[in-house]
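J.: coords please:
(4 chains)
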Amino acid sequence: MIRALVPLPVVVPMIAAALVSAIRPFVPRWTAAALFTLGAAFNVWCTAMLFAATTHAPLVYWFGNWWPRGILAVGECFVIAPLPALVALLVSTLTLFASIQSWQLKPAASHLEPLMLLFMAAMCGFVYAGDLFNLFVWFELMSASAFALCGLKTAEPAPLQGAFNFGLTNSVGAFFIITGLALVYARTGALNMAQIGATLTAKADSLVLVSFLLMTVGYMVKGAIVPFHLWLADAHAVAPTPVCVLFSGVMVELGIYAVARLYWAMFEGSLATYGDGLRAIYVSLGTVTAIVGGLMCFAEHHLKRLLAYSTICHAGLMLIAVGLFDSAALGGFLLYVVGHGLVKGGLFASAGIVLHRLQFVGEPKLHGRGRGLVWTPVLFMAGAAGLAAVPGFLLETGESMMIRAATPFHFGWIRWIFFFGSVSTGAAILRFSFRTFFGWGAPSPADAASRVDEKQETVEEGRKVPACMFVPAALMIGLAAMLTFIPSLSEVADSAGHRFADRPAYIATVMHGAALEMSQFQALPSQGGGTIRSTLAGAAAVLLALATVWRRQSHLSGVLEHLECGVPVLRHWQSGHAGDYVLWLTVGTTVIGGCFVLLLH
Amino acid sequence: MQTLAFTILVFVAIAAPGVVLTREPLKQCIALSFYGLLFAVLFFVFHAPDVALSQMTAGAVILPAILLLALVRMQHRDRSRKVERQ
Amino acid sequence: MIRAWLRSWLFLPAAIGMAGLLWWAYRALPQVGDSRSLYGDYIATNAVGERHATDTVNAVTYDYRGIDTLGEEFILFASVIGVLLLFRRQPGHPADTSEAHEDEQIEETIPPTDTIRVTMQGMVAVMVVFGMYIASHGQLTPGGGFQGGVILATAALVVYLGGRVDTFKRAVSHPLTEIAEALGAGGYALIGASAFIVGAAFLTNWLPLGQTGQLISSGTILLISLAVGLEVTGGFALLMHAYLEEVIKQEGGE
Amino acid sequence: MGHFMYGVAAWVFLWGLYGIVSSRNLVHQCVSLAILQTSTYVLLLGIGYRTGGTAPVFADIPVGTLVVDPIVQSLMLTDVVVEVTVLALLIAMVVKANELAGTVDPEELRVLTG
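T.: As a prediction, this is how the structure comes out:
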């Protein structure tokens, strides 16, 4: 009975976490690691089954048998639709790979297993939640286990300050969400998303607009959108690599997913009339994030912070897709999330290998030290190609679907933002691998961030790369490429996107249990230009990386020098002081609020 | 009842800047404890006994206790560091 | 990036903007006192009948919206692990090893005077009984697992304040406390999962509801409340112990 | 008393933010975070209040009497727990950062610049 499986991706990891924590003093360490991997594997199977079951109709599971009383939802429910089910599958797969890689971690990290299990349970719960306050509780559990995981490496002061900034900023974001939630409850008297969606049909007034603003700002803090993105690089420099696989792989994407969930489940009825204004605000937010993320990524010489900034860049690109507030873009968004999660997870796993084998993550110190490695450079190159959305990777299919959805709104120019994002992130990773693994050109300029080095997190830094670190990385990047060969992939994603955005069907299935027949959507004509542009992006990334590495010889060395050292303003903006981060959070909210006010009149 | 609620809200409106503006951590700990107690009374006045009880125990006792222990721990740290510096 | 004073001055316009935004939204809220909520009215009228629990807030917390409280308990569980992680003994790290404190003279903290010692030890018994009362009567009167658990954890702290440092250390640093916490959190999830035996949905209240107003009533609400109390007692005791550990060591309590 | 309570909620919200932005001590930032959270209690309390309503505990009053909204109180219960636990974690980080870096002032702690 599939229905009985619905709560298991959340409940089983929780019970496993409690069990591991209870028996930890009495059992050898490998039992805890085995239980963790077993829990993750069970979750992968369970979420895959649930995804398969939702292809024809979404599953609604009411906790405590509290079925809705007419139009009033008394209890809380999980709603398993194709899009959330696939994201939950991505969460579980990445956690499984991270668990395999964490076998190599030092025994001191013995508290990692229960926290990672809770992190996975929280993310699966977040994706399935059908209740607004339940969404907040999973968000808070995700944050609490992430803060605790940042406490694993407490040898140097830098990481702890990064963890503190991460904790403080996300908590302030959480209180914005609670304020928005209180406003929605005051207006609708309900907490179930479907019931709120059914009640909020009148044209949005100031209360609905501000509650949508406060809640989206709170979730965009987790989604690392400019100007709320400042905590992400610090948090990645702090967390052990298997944790970073989850941070960048899927936690950031859930922030953007939450914006889509809020809009389509609850606010579409009352905010649809402001469609163009909202579209302008959120697409410009995404564009600014992509540009800032790309520039900072290229200017970064600490591997994990470099990957963190590329996550910010791609989070901006994803917000552009969601910010279109059009159901056609959601299919591309889903593929982009899965593709980016897998490629970024693979890259962070490879970063773990570099830290394990070469003991450093700062580019200046790693110059030419990686010559002995054979397969790790291949991983980095494939990862860079994946991020540059080269044809043959999921990101390219997702990207072309998103751009196709944008053309009816005259947002065709976003293809150049995608181009910039792909080139800057791909080139940064290629530059890192050329310098580290081939030792080409002069060593990279050292700056404050790249000097902050990581303490060894893994056991016996031997000569060879252990299989338990290499296989997960290769599998993740391989999956991102192999999934494109599934024949009906974009059709499945497109239908998942359209069902996610179909509010009347959502309300009907949740409140009345009626499985409404899917309203027919006409698939957008596929445009040929996609593949040419993405191959161009890949080539441009390679050229830019080569030019930067050998800039002494190339004539435009001045420009590249400046580009590589980064825009000074952006470098100083990332100040590492929590007070600054919260200041920019307030300024950002006020500016977006101002645009909302202008929107209304 | 209205006047009682009104006065408690005025106290809260005065106490919040008070706690924020006391820069010295030890004094702020005590201020936070009274602020927590004030909130417990606010919840009681607004007919929320469950929340008042949990705010009393958690907000007015555990939180300041943790803060005080953290400050004591840091003072021990600074004093032992000063001993080493001389 | 910004100097401290500039940061405060930059905050002013943002604060004014935020205040305007909040006022613009709060203006549309109903007057305090005449807001109506369909959900709240339904619970207020039916919770006692449906669950035989007279404290509707705890009925909502542990039954109608039980999955929220399950998540909340595991937030506490994760935070306690995080604190234990941060304060764990770093092998070979100079700042933590106890030798670093041997040479340095630890001035003797004021031993608790007799009055403090007697009152504290007298209070411990009362607090333990009161904590258990609050935890077990969650479904009848205001209180419940969390509040009772916090009172019991404070009772452990009072043992330390009463000067009996060694009993406190022996009582709390015992592995049993960590197991109690994990048992409480895991227990909550297991009680919820027990509904699968009768084929009902997760967290269903399938136990007999008993008679309203009796101690043993409202089925799983009482059990969940006790599990939460167990977890909160263990969690906060561990929290207190982690923070106290360093202070105890410096006072030669080792 | 109509909108005064919401005004107090906004006032406390802004003072909490000001505390975090302007503080020069990590412990002070944690306490300001607690103040920011208490603003959500005032807002939730105002939304759940009914004039003439009493506490939603029917141990001694008949079921039909007008009571304050129990749902809002359940949300606040969860909020209090979240506040205490997250703050305990943040303060533990402050103690550890102080132990390693010797200072609690975020200005001096800024190692992760650029």
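J.: tell me which element the most centrally placed residue in chain D is part of?
T.: Central residue of chain D (CA atoms, centre = their mean): D:Q37, 1.9 Å from the mean position. Assigned by DSSP states H and E, D:Q37 belongs to helix D:26-48.
J.: let me see the mean pLDDT of that helix.
T.: In this model, helix D:26-48 has an average pLDDT of 93.
J.: remind me what that helix packs against, helices and strands.
T.: helix A:157-188, helix A:578-600, helix B:2-21, helix B:25-45, helix B:63-85, helix D:4-22, helix D:70-101, helix D:106-109 (3 or more CB pairs under 8 Å, 6 or more residues apart in numbering or on different chains; DSSP states H and E). The way it works is simple: take the backbone N, C-alpha and C, and place the C-beta from them, glycine included.
J.: picking up where we left off before, tell me how far the residue nearest to the residue nearest to the centre of chain D when sequence neighbours are not counted lies from D:K96.
T.: Computed as CB to CB, 6 or more residues apart in numbering or on different chains, the closest residue to D:Q37 that is not its neighbour in sequence is D:E83, at 4.7 Å. Separation of D:E83 from D:K96 (CB to CB, to the nearest Å): 21 Å.
J.: quick one: the strands in the stretch 1-150 of chain C, in order.
T.: Taking DSSP state E, counting those that start in this stretch as the test, none of the stretch 1-150 of chain C falls into strands.
J.: so who does A:R371 touch?
T.: A:F437, A:F438, A:G439 (CB atoms under 8 Å, 6 or more residues apart in numbering or on different chains).
J.: what does A:S310 give?
T.: So A:S310 contacts A:G293, A:G294, A:C297, A:K344, A:L387, A:T425, A:A428, A:I429 (CB under 8 Å, 6+ apart).
J.: how about A:A186?
T.: Counted by CB under 8 Å, 6+ apart, A:A186 has contacts A:L207, C:L29, C:P30, C:S35, D:I47.
J.: now for the closest residue to it other than its chain neighbours, how many residues are close by?
T.: Using CB to CB, 6+ apart and skipping the chain neighbours, the partner closest in space to A:A186 is D:I47 (4.4 Å). Using other CB atoms under 10 Å in any protein chain shown, D:I47 is surrounded by 26 other residues.
J.: and D:I47, how far is that from A:M120?
T.: D:I47 is 34 Å from A:M120, where distance means CB to CB.
J.: swap in C:Y64?
T.: 26 Å.
J.: those two - which one has more neighbours?
T.: Neighbours were counted for C:Y64 and for A:M120 using other CB under 10 Å; A:M120 has more, 33 against 28.
J.: for the more buried one, which non-adjacent residue is closest in space?
T.: Per CB to CB, 6+ apart, closest to A:M120 is A:T95, 4.3 Å.
J.: same question, C:L157
T.: Nearest non-adjacent residue to C:L157, counting by CB to CB, 6+ apart: C:M240, 5.3 Å away.
J.: which SS class is the one you found?
T.: Here C:M240 is helix, with the state taken from DSSP: H, G, I helix; E, B strand; the rest coil.
J.: burial measure for it, as a count.
T.: C:M240: 22 neighbours (other CB under 10 Å).
J.: tell me how far it lies from chain A.
T.: 18 Å (CB to the nearest CB, to the nearest Å).
J.: any idea how far B:A65 is from that residue?
T.: C:M240 sits 7 Å away from B:A65, going by CB to CB.
J.: joint contacts of those two?
T.: Common contacts of C:M240 and B:A65 (CB under 8 Å, 6+ apart): C:L157.
J.: now the residue in chain D positioned nearest to chain B: how far from A:F176?
T.: Proximity of chain D to chain B (CB to the nearest CB) peaks at D:G19, 3.8 Å away. For D:G19, the distance to A:F176 equals 16 Å [CB to CB].
J.: contacts only, for the residue nearest to A:M120.
T.: A:A40, A:N43, A:M116, A:F119, A:M120, A:L246.
J.: return the member of those nearest to chain C.
T.: Looking across these and measuring by CB to the nearest CB, the closest to chain C is A:F119, at 8.4 Å.
J.: can you tell me the helix or strand for the closest one?
T.: Here A:F119 sits within helix A:112-128, counting by DSSP H and E.
J.: with A:L317 instead?
T.: Per DSSP H and E: helix A:303-323 holds A:L317.
J.: buried set for the following helix or strand past that helix?
T.: Per DSSP H and E, helix A:303-323 leads on to helix A:328-358 as the next helix or strand towards the C-terminus. For helix A:328-358, the buried set under the neighbour-count rule, 16 or more other CB atoms under 10 Å in any protein chain shown, comprises A:328-358.
J.: now do the helix or strand following helix A:328-358: distance to the chain's middle.
T.: Per DSSP H and E, the first helix or strand lying C-terminal to helix A:328-358 is helix A:375-387. Remark: helix A:375-387 is offset 19 Å from the chain centroid, using CA atoms, centre = their mean, to the nearest Å.
J.: ok, and what's touching helix A:375-387?
T.: So helix A:375-387 is in contact with A:310, A:314, A:339-340, A:342-344, A:346-347, A:350, A:353-354, A:357, A:370, A:393-395, A:422, A:425-427, A:429-430, A:432-433, A:437-438, A:465, A:470, A:473-474, A:477, A:480-481, A:538, A:541, going by CB under 8 Å, 6+ apart.
J.: need the pLDDT of A:G576.
T.: pLDDT, read off for A:G576, is 75.
J.: is it in a helix, a strand, or coil?
T.: coil.
J.: distance of it from chain D?
T.: Remark: distance between A:G576 and chain D (CB to the nearest CB) = 4 Å.
J.: which positions in the stretch 101-250 of chain A make contact with chain C?
T.: When proximity is defined as CB under 8 Å from any CB of the partner chain, the stretch 101-250 of chain A approaches chain C at A:108, A:111, A:114-115, A:118, A:121-122, A:125, A:131, A:133-134, A:137-138, A:140-141, A:144-145, A:147-149, A:151-152, A:154-155, A:183, A:185-186, A:189-191, A:205-207, A:209-211, A:213.
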